[in-house]
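K.L.:
Sequence plus predicted model, see below.
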Amino acid sequence: MEEATRERSWMNAHTASIAGLVVYVIATIILVSADGVLLARDTVFAWLMVGMLMVSLSDLKGWARGVIVDWLPYFGILFLYDFLRGQVGQNPIFEPHLMPQIDFDRFLFSSVPSVSLQERFWDPLHIDALDVAVWAVYMTHFFMVFLISAVLWRVARPKFLEFRAMVCTLSMAAFTTYALFPAVPPWMASDQNAVGPITRLIGNVWAHLGVGAASAIWGHGSDWSNVVAAVPSLHVGFPALILCFFWPTGKWWVRAICLAYVLAMSFALVYAGEHYVFDIVLGWIYALATYVGVRKVRALWASRRERRAAQRADEVPATS
């Protein structure tokens, strides 16, 4: 009898979660169709919290506890990263570097890849499928990490905690570099006539798609923007971190998707004039170093806790 009751309760909870997910997906499609892709981190965070609520209707206490314990600190750290990055952008410590990235790319390719790719493929009078695909890949930066975090939180909380630590560590490592090594991106170098003509084409695609407000936001930036926060590229650093995270345990098709995502983002950033190959390579390196470093620190921390637990167990007097 109890087993039948538990099974019925599980089925009801499962049905509620699926129904909530369906409603959420439909609402997301309507929202994106009306207002475009969500760009602001606080908006993405709030909408994901709504989504997690919709799939947690049978466990509202668990959802509330998760938001307070797991998600608010997560968002707080990334909010701090955004704020500090913006402050450094408005009050730079050092002059932005222009030539090291250009010299690196020219050494590898005998030219600046952003210039070469746009000469070959970019036509401002005709936005084609490649341009829209590049825009779509680029836009995933604004929600992919949170989306993966939400899925991990729902299905494997220990994995979520590990991934959260990696995302926060990578963000702060990147911020430190932005503060110490501000760097001019390709499109800005082109404006300064340091390289050939480069269009920052993401805004053009926004306008072509008919999302004028988003295009204006993109073009003029925000109070927390930092246009010289280019080295390393977090746009590719996060996909590379995702690849590292899922590579040891993911199935072959998961690995293939993650690898394709890294390569697609790398191409998109260079073609769109947002980053040099120099920035991309450093993004890969930072992601790998973050993955290895966080794994080692967490392993050492777990080992230390186990030793302390064993010591406390040994100190408990035996009872006769």
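P.N.:
Nice, thanks for sending it over.

K.L.:
for this structure, longest helix please?
P.N.:
helix 277-315 (DSSP state H).

K.L.:
average pLDDT across that one?
P.N.:
The predicted model assigns helix 277-315 a mean pLDDT of 88.

K.L.:
and what of stretch 110-128?
P.N.:
Stretch 110-128 comes out at a mean pLDDT of 94.

K.L.:
What of stretch 258-267?
P.N.:
Per-residue pLDDT values over stretch 258-267 give a mean of 98.

K.L.:
how about it: buried residues?
P.N.:
For stretch 258-267, a neighbour-count test (16 or more other CB atoms under 10 Å) marks 258, 261, 262, 264, 265, 266, 267 as buried. No exception for glycine: its C-beta is placed from N, CA and C like everyone else's.

K.L.:
so how far is it off the chain centroid?
P.N.:
Offset of stretch 258-267 from its chain centre (CA atoms, centre = their mean, to the nearest Å): 13 Å.

K.L.:
can you list contacts of it?
P.N.:
134, 137-138, 140-141, 235-236, 239-240, 242-243, 246-247, 250, 280, 284 (CB atoms under 8 Å, 6 or more residues apart in numbering).

K.L.:
Among the residues you listed, which lie within helices?
P.N.:
Among the contacts of stretch 258-267, the ones falling in helices (DSSP H) are 134, 137, 138, 235, 236, 239, 240, 242, 243, 246, 280, 284.

K.L.:
show me the contacts for the residue nearest to the fifth one when sequence neighbours are not counted.
P.N.:
Right, residue 236. Nearest in space to residue 236, with sequence neighbours left out and distances taken as CB to CB, 6 or more residues apart in numbering, is residue 283 at 4.1 Å. By CB under 8 Å, 6+ apart, the contact list for residue 283 reads 232, 233, 234, 235, 236, 237, 240, 275.

K.L.:
just curious, which of the residues you listed is nearest to residue 73?
P.N.:
Using CB to CB, residue 234 comes nearest to residue 73 of the contacts of residue 283, at 19.8 Å.

K.L.:
Check the burial of that closest one by counting its neighbours.
P.N.:
27 (other CB atoms under 10 Å).

K.L.:
Could you measure from the closest residue in space to it that isn't next to it in sequence over to residue 303?
P.N.:
Of all residues not flanking residue 234 in the chain, residue 174 sits nearest, at 5.1 Å (CB to CB, 6+ apart). From residue 174 across to residue 303, the span is 29 Å (CB to CB, to the nearest Å).

K.L.:
quick one: which of the two has more around it?
P.N.:
Shown here are residue 174 and residue 303; by other CB under 10 Å, residue 174 has more neighbours (24 against 10).

K.L.:
helices and strands around whichever strand or helix holds that one, which ones?
P.N.:
Assessed by DSSP states H and E, residue 174 sits inside helix 157-180. In terms of contacts (3 or more CB pairs under 8 Å, 6 or more residues apart in numbering; DSSP states H and E), helix 157-180 is packed against helix 72-90, helix 144-155, helix 234-246, helix 277-315.

K.L.:
any idea which helix or strand comes after it?
P.N.:
helix 186-191.

K.L.:
Now do the next helix or strand after that next one, average pLDDT.
P.N.:
Helices and strands here follow DSSP H and E; after helix 186-191, the next one along the chain is helix 201-208. Mean per-residue pLDDT for helix 201-208: 86.

K.L.:
Among the ones in helices among the contacts of stretch 258-267, which pair sits farthest apart?
P.N.:
Top of the distance list for the ones in helices among the contacts of stretch 258-267 (CB to CB): 134 and 246, 23.7 Å.

K.L.:
neighbour-wise, which of the two wins?
P.N.:
In terms of neighbours (other CB under 10 Å), residue 134 is the more surrounded of residue 134 and residue 246; the figures are 25 against 18.

K.L.:
If I look at the closest residue to residue 171 other than its chain neighbours, what pLDDT would I see?
P.N.:
Nearest residue to residue 171, sequence neighbours excluded (CB to CB, 6+ apart): residue 81, at 4.5 Å. In this model, residue 81 is scored at 88, pLDDT.

K.L.:
What about residue 81, how many residues nearby?
P.N.:
Applying other CB under 10 Å, we find 21 residues neighbouring residue 81.

K.L.:
Please look at it and residue 170 and confirm they touch.
P.N.:
No - counting by CB atoms under 8 Å, residue 81 does not reach residue 170; the two are 9.8 Å apart.

K.L.:
Quick check: the residue sitting nearest the centre point of the chain vs residue 100, distance?
P.N.:
In the chain, the centroid-proximal residue (CA atoms, centre = their mean) is residue 145; its distance is 4.0 Å. Residue 145 is 28 Å from residue 100, where distance means CB to CB.

K.L.:
Wait, a strand at residue 273?
P.N.:
No - looking at residue 273 with DSSP: H, G, I helix; E, B strand; the rest coil, it is coil, so not inside a strand.

K.L.:
contacting residues for residue 85?
P.N.:
By CB under 8 Å, 6+ apart, the neighbours of residue 85 are 175, 178, 224, 226, 229.

K.L.:
Adding neighbour count, distance to residue 156 and pLDDT, write those residues out as a markdown table.
P.N.:
Shown next, in a markdown table, are the contacts of residue 85 (neighbours: other CB atoms under 10 Å; distance: CB to CB, whole Å; pLDDT from 0 to 100):
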| residue | neighbour count | distance to residue 156 | pLDDT |
| --- | --- | --- | --- |
| 175 | 20 | 28 | 93 |
| 178 | 24 | 32 | 94 |
| 224 | 17 | 32 | 55 |
| 226 | 21 | 34 | 83 |
| 229 | 23 | 32 | 90 |
